[in-house]
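A.B. asks: Just to be clear, the model below is a prediction. Sequence and coordinates:
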Amino acid sequence: MNPRDNQILRIAIPSIVSNITVPLLGLVDVAITGHLGAAAYIAAISIGSMVFNTTYWLFGFLRMGSSGLTSQALGRRDFQEVVAWLIRGLVIALGIGLLLILAQWPIREMALRLMQPEEEVRQMVITYFHICIWGAPATLGLYTLNGWFIGMQNSRIPMVVAIAQNIINILLSLFFVFGLHMKVEGVASGTLIAQWVGFLFACVLCHRIYGKRVGSVALLSRDNVTTLFRNKEIRRFFQINRDIFFRTVCLVSVMLFFTTAGSWQGEVTLAANTLLMQLFLLVSYVVDGFANAAEAMSGKYWGARNFRAFSYTVRHCFLWGFICAFLFTVIYMVGGDAFVALLTDEPTVVEEAREYIWWIYLIPICSILAFIWDGVFVGITASREMLITSLVAAVVFFLLFVSVYNSWGNHGLWLSFLVYLLIRGSLQTVFFHRSLMDRQDSLL
């Protein structure tokens, strides 16, 4: 196997493990509250987790921006700039986390107005929210660190941290809930402590593994301190991350509308769509591992202006991605019904899911272009192209849904979603071969 393929797998496989563990923090909370004897506990934790997941997802640019900028600086062997992007990212991430804490009341009230839970659930959500909000700086700081690690071609540290974080969350939540009988407060406290332990653990690993390199840069000399937050670098950081932020808004809008449109058709269709969407998320967790490899390696080779290695990396990340897509298609065609039956024994939901499951057979192939191109675009910091393609694809999604919903119903919703994925990937392909290749020629 080619050494670059080995490197792709060394980055992709730990990233896949990390991606799969991400939703476990919320799932563990829901599983524990499911044994407290009342549905209100599950509803409260589900709403609270969704509020934080959506909020943090919007700030995912802290990870993606750090990854691309760091990998390019590494490719140029500009280690002072490598360290500078880490410090800039951490300062900004911690600052945003503190702002979220200060703005917790309007965030909480806006979320409660949108969700409109019953009074008992509302009070539990407030309790959960006011504890977990103090983990915002740690969560966003860990976003930056994980992006920086990936930029440094190291996805093992994020994997180790994610696993440790989940173990701590499980043990503490179980202890607080069943040992100290704290209920919602115990679940929230376990999550909060796990978030800060994960962040501090990542800081310790960063110091142990990269401390000598960081120290050798002598970053804290007077000249470097004055240039650390130069207007040029800060403007570039915020320009890239602004584009990624609004691109994420487009993605969140589509995903939230997908759930909302499903709810219009009744609780059975909503439940079926929710179960089938888990199959899409499973594909995304795995293929995103190769997208992370594309981020790290394409950014490094782009920064080094080694365009032969860059081209090889892009092609082979797609190759591995398409292999995964093919395998998932086969697995879903053979075992999709069994997976749905595993998730629920409600016969009406199972029957409803079977009517739409063939759309899931198309999901892996339709999504692969968008996933891998996202990784490449993050690596070469082509954030404007990411924004444009996501915006156009989202507009097409909404227009197509309005056009076909009355005649196609839920099939129209799934059709619109698949077309949205195809449009994103197809437009990114066009941008890459036209606009970005022109940019490459200008660097030669």
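C.D. replies: Ah, there it is.

A.B. asks: Give the burial count for the residue lying closest to residue 355 once chain neighbours are set aside, as a bare number.
C.D. replies: Distances taken as Cβ to Cβ, 6 or more residues apart in numbering put residue 272 closest to residue 355, at 7.8 Å, once the chain neighbours are dropped. In this view, the C-beta of every residue, glycine as well, is placed from N, C-alpha and C. Counted by other Cβ atoms under 10 Å, the residues lying close to residue 272 total 27.

A.B. asks: in the helix or strand containing residue 272, what's buried?
C.D. replies: With secondary structure defined by DSSP states H and E, residue 272 is part of helix 267-303. Residues 269-277, 279-280, 282-303 are the ones in helix 267-303 that count as buried (16 or more other Cβ atoms under 10 Å).

A.B. asks: Pull the number of nearby residues for residue 385.
C.D. replies: Residue 385: 22 neighbours (other Cβ under 10 Å).

A.B. asks: Repeat that for the one 3 residues further on.
C.D. replies: By other Cβ under 10 Å, the residues close to residue 388 number 17.

A.B. asks: What segments of the stretch 101-250 of the chain are helices?
C.D. replies: Taking DSSP state H, counting those that start in this stretch to define them, one finds helices in the stretch 101-250 of the chain at 104-115, 119-132, 136-151, 156-174, 184-216, 222-228, 231-263.

A.B. asks: Can you say which of these is nearest to residue 76?
C.D. replies: helix 136-151 (12.2 Å; Cβ to Cβ).

A.B. asks: pLDDT weak spots in the stretch 201-350 of the chain?
C.D. replies: Along the stretch 201-350 of the chain, segments meeting pLDDT under 70 span 212-233, 267, 342-345.

A.B. asks: what about 80?
C.D. replies: 211-238, 259-260, 262-272, 274-275, 278, 336-337, 339-346, 349-350 (pLDDT under 80).

A.B. asks: State the distance from the nearest residue to residue 158 once chain neighbours are set aside to residue 170.
C.D. replies: With sequence-adjacent residues excluded and distances taken as Cβ to Cβ, 6+ apart, residue 158 is closest to residue 146, at 4.4 Å. Computed with Cβ to Cβ, to the nearest Å, the distance linking residue 146 and residue 170 is 21 Å.

A.B. asks: and if you look at residue 275?
C.D. replies: Taken as Cβ to Cβ, the span from residue 275 to residue 170 is 24 Å.

A.B. asks: now residue 187
C.D. replies: 11 Å.

A.B. asks: So the two - more neighbours on which side?
C.D. replies: Using other Cβ under 10 Å as the criterion, residue 187 and residue 170 rank with residue 187 on top: 32 against 18.

A.B. asks: Isn't residue 130 up against residue 104?
C.D. replies: Yes. The pair residue 130 / residue 104 is scored as a contact, 7.0 Å apart, by Cβ atoms under 8 Å.

A.B. asks: coming back round to it: can you give me every residue that contacts the residue nearest to residue 355?
C.D. replies: 349, 352, 353, 355, 356 (Cβ atoms under 8 Å, 6 or more residues apart in numbering).

A.B. asks: ok, back up a step: now do the shared contacts for residue 187 and residue 170.
C.D. replies: With Cβ under 8 Å, 6+ apart, residue 187 and residue 170 have no common neighbours.

A.B. asks: Just the buried ones from the contacts of residue 272?
C.D. replies: Neighbour counting with 16+ other Cβ under 10 Å marks 349, 352, 353, 356 as buried within the contacts of residue 272.

A.B. asks: Now intersect those with the helices, please.
C.D. replies: 349, 352, 353, 356 (DSSP state H).

A.B. asks: what separates the first one from residue 334, distance-wise?
C.D. replies: When distance is defined by Cβ to Cβ, residue 349 is 21 Å away from residue 334.

A.B. asks: cool, residue 70 as well?
C.D. replies: Taken as Cβ to Cβ, the span from residue 70 to residue 334 is 41 Å.

A.B. asks: Between the two, tell me which one has more neighbours.
C.D. replies: Neighbour totals were compared for residue 70 and residue 334, and residue 70 leads with 30 against 9 (other Cβ under 10 Å).

A.B. asks: Let me know whether the more buried one touches residue 82 as I believe.
C.D. replies: Yes. With contact defined as Cβ under 8 Å, residue 70 counts as touching residue 82 (5.8 Å).

A.B. asks: shared neighbours of the two, which are they?
C.D. replies: 151, 152.

A.B. asks: Nice, that's everything, thank you.
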